[in-house]
Every structure is written in C-alpha cells, then in structure tokens.
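> After the sequence you'll find the predicted model.
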Amino acid sequence: MSNHDVKLLAMAGSSRNGALSGRLLRAATDAAREAGAEVTLVDLRSLAMPVYDGDLEASQGAPDGARQLRDLFASHDALLYVTPEYNGFPTPLFINAFDWLSRVAAEGDKPSGLAATALKPAGLLSSSPGPLGGLRSLNFTRQYLSMAFGMLVVPQQFALGQAHNAFDEAGALKEPKQQQIVAGVVRQLLQVASGLRVARP
C-alpha cells in the first residue's frame with residue numbers, strides 16, 4: 001500500500017496569526033502532499049472548546065468540538081503535529097483539546113476519544129525562537145500522546161531553533177537541510193501509517 005492511501009491529520013499547537021508552528025506545519029504538510037498523502041488541516045482554536053471543567057462536563061457533557069476531534073481521529077490514519085514551547089511546555093490550547101478528547105464516550109458506531117487515538121501513528125515537530133527549538137515541549141508532547149492516548153509516536157523528530165529567522169518570504173524553510181529533515185519525519189510517519197493499514201484485518 002502506498003502513501004497515496006494515507007489520510008493524515010495535521011495540526012499546530014498555536015493558531016495565532018503568523019505562528020511559527022503554523023509555518024513549520026505548512027512546510028511539513030507540503031512534504032506530506034508531495035509524498036502522496038491526503039492531508040486534513042485542523043485549527044484547534046476553531047473547535048471552540050472551553051477550558052476543561054469537571055462540573056461543566058457533568059452538566060453539559062463534552063463540547064461538540066471534542067466530538068469533532070474524535071471523528072477526525074477516527075477517520076484518519078495518522079497525526080502530524082507541530083508544537084510551540086510555552087515556558088518549556090506544550091500549549092494550553094493543545095492540552096485542553098486533548099483533555100476534552102479523552103472524555104468523549106463511544107456513541108453508536110463511533111469510538112470513544114481514547115479508542116480513536118489508540119495505536120494511531122503520530123509524527124512530531126517543534127518550533128521556537130530559542131536555540132533548542134521547542135525540544136522540551138516536543139519531548140513532553142511525545143510522552144503525553146504515547147502514555148495518555150496510546151499513540152505510536154515515530155522515533156524521528158525535529159526541533160527548529162531560531163524559527164523566527166528560518167523561513168523565507170514565501171513561507172519555505174531557507175535551509176535545504178532543515179527541509180530534508182522535516183521531510184524525513186513525514187516519510188517515516190507515512191511509512192508506519194501505511195504499514196499499519198496493510199496489517200489490519
């Protein structure tokens with residue numbers, strides 16, 4: 001089975017205008033499309049999920065945005081995620097969305113949020129103006145997705161340091177080597193996702 005069969009869910013941890021994570025995500029999704037994957041971009045902010053609150057969940061249930069995110073995971077083969085670094089950690093936008101996702105119950109033929117992410121491959125990139133490129137946040141995100149959500153995070157990853165100077169006016173990475181590394185993460189993710197599709201009964 002080729003990469004043309006892989007449906008890739010792609011998101012960034014920041015939705016603000018000009019976010020560095022969004023720029024890096026565009027570079028990565030361009031590589032994914034060139035490799036033959038079908039890419040769906042998700043703006044986590046557009047899902048409009050309130051800050052997680054147990055009392056709110058008890059009175060109103062999970063918000064529609066959390067169900068939308070569950071449905072997206074259920075209908076895609078893999079996740080490509082770019083995280084910024086907020087004080088060394090992933091963004092509240094990302095954590096809150098996934099906290100809500102974890103509370104979505106199975107409904108009819110639709111899986112629970114945790115079932116929709118289980119054994120789903122994920123590829124991770126990070127970006128930051130600092131020299132580490134968001135590496136601390138990237139490593140926390142790897143642990144969070146693999147331990148809490150049962151995702152299969154591929155080993156290869158990339159942290160883009162000095163990200164505010166890394167892109168040209170067209171939005172492409174200036175350094176060919178950096179683009180090659182990003183494409184390498186994407187290729188590994190697509191290979192794992194394609195292999196898992198073949199292995200499913």
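Okay, I see it. Numbering: from 1, shown residues only.

> drop to CA atoms for contacts and neighbour counts, all remaining ones
Noted.

> What segments of the protein are helices?
20-34, 54-60, 64-74, 92-101, 113-117, 135-143, 149, 176-199 (DSSP state H).

> among those, which is the most enclosed?
helix 113-117 (a mean of 24; mean count of other Cα atoms under 10 Å).

> Now for Asn87, how many residues are close by?
10 (other Cα atoms under 10 Å).

> before we move on, the earlier item: what's the least confident stretch among the helices of the chain?
Mean pLDDT values for the helices of the chain show the minimum at helix 176-199, a mean of 92.

> Please name whichever of the helices of the chain is nearest to Phe167.
helix 20-34 (7.9 Å; Cα to Cα).

> between the closest one and helix 176-199, how big is the angle?
Interaxial angle, helix 20-34 versus helix 176-199 (axes from the mean of the first three to the mean of the last three Cα atoms, to 10 degrees): 60 degrees.

> Return the distance of helix 20-34 from the chain's centre.
11 Å (Cα atoms, centre = their mean, to the nearest Å).

> still on that earlier bit, quick one: closest of the helices of the chain to Leu125.
Of all these, helix 135-143 comes closest under Cα to Cα, at 6.9 Å.

> Next, the angle from that closest one to helix 92-101.
Going by the same axes, to 10 degrees, helix 135-143 makes 10 degrees with helix 92-101.

> which one's the longest strand in the protein?
The single longest strand within the chain, with elements called by DSSP state E, is strand 152-160.

> buried stuff in that strand?
Neighbour counts over strand 152-160 (16 or more other Cα atoms under 10 Å) mark 152-154, 156-160 as buried.

> That one pairs with which strands, and in what direction?
strand 121-127 (parallel) (DSSP bridges).

> Quick one: distance of the partner strand to the chain centre.
Using Cα atoms, centre = their mean, the offset of strand 121-127 from its chain centre is 6 Å.

> which outside residues touch that strand?
20-21, 24, 77-85, 133-135, 137-138, 142, 151-154, 156-161, 163, 182, 185-186, 189, 192-193 (Cα atoms under 8 Å, 6 or more residues apart in numbering).

> Nearest the middle, which residue of this protein would you pick?
Tyr81 (2.4 Å; Cα atoms, centre = their mean).

> residues in contact with it?
10-13, 25, 122-125.

> Now with 7 Å, please.
Going by Cα atoms under 7 Å, 6 or more residues apart in numbering, Tyr81 touches 10-12, 123-125.

> who wins for neighbours among the residues you listed?
Leu125 leads the contacts of Tyr81 on contacts (other Cα under 10 Å) with 29 neighbours.

> where's it relative to Pro63, distance?
Look at Leu125 and Pro63: by Cα to Cα, to the nearest Å, they are 28 Å apart.

> Then Ser21?
25 Å.

> centre of the chain versus stretch 100-116, how much separation?
Using Cα atoms, centre = their mean, the offset of stretch 100-116 from its chain centre is 18 Å.

> Cheers, nothing more for now.
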